[in-house]
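# Model the following, please.
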Amino acid sequence: MQKITPCLWFEKDLPNVIEYYKGIFKDNIQVVYLGDLETGPGGAYQFATIELFGTKYDLLAAGPMFKFTEAVSLTISTEDQEETDYYWNALTANGGAESQCGWCKDAYGLSWQVEPKLLRELSTSADADKRGYAMQAMFVMKKIIVKDLVRESVS
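Reported below is the predicted structural model:
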């Protein structure tokens, strides 16, 4: 059993929130539970638990008191440019927004990092030149372009 479960607070209408994420993550998301909680001081509350790529998240729809900020983001580790493009485009469409260095927001304001595995490998490389080049390249990007993370060799 997962010992710690992040809880994401949405304003309202968890069924639509879940359908939105199902449209992006397709077969990699499962709804474990979705239901209404008791009516509280702010009105009716909805609660759900989803499993996304094997990690459980609790979702709470309880009104507009708390909004997402960039202080918390979820990272999607992508295999290649095609997968990077897919998630970037899906998350920034329909009200999402691009940011810098592979960060974006989805239509609900949740921050994501769409990070090709190569970026993580290069940015933690023991080779200072490779590490520095990749990091400097990333700093000027919005969506990460995999081929631009590696310096072309001069023959």
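
# mind listing what's buried in stretch 74-94?
Residues of stretch 74-94 classed as buried: Leu74, Ile76, Thr78, Gln81, Glu83, Thr84, Asp85, Tyr87, Trp88, Ala90, Leu91, Thr92 (neighbour count, 16 or more other Cβ atoms under 10 Å). The C-beta positions use only the backbone N, C-alpha and C, and glycine is treated the same way.

# Just flag the most distant two among these.
The span of the buried residues of stretch 74-94, defined through Cβ to Cβ, is set by Leu74 and Gln81 at 20.2 Å.

# which residues in this structure form strands?
Taking DSSP state E to define them, one finds strands in the chain at 7-10, 29-40, 43-52, 55-61, 73-78, 97-98, 103-105, 111-116.

# Tabulate these in TSV, adding columns for distance to Arg131.
Formatted as TSV, these follow (distance: least, Cβ to Cβ, whole Å):
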stretch	distance to Arg131
strand 7-10	33
strand 29-40	34
strand 43-52	30
strand 55-61	28
strand 73-78	18
strand 97-98	25
strand 103-105	20
strand 111-116	15
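
# Nearest to Gly132 among those would be which one?
strand 111-116 (17.6 Å).

# list the helices and strands the closest one packs on?
strand 73-78, helix 81-92, strand 103-105 (3 or more Cβ pairs under 8 Å, 6 or more residues apart in numbering; DSSP states H and E).

# so which of these gets nearest Ala128?
Proximity to Ala128, assessed across the helices and strands packed on strand 111-116 by Cβ to Cβ, is greatest for strand 73-78 (23.5 Å).
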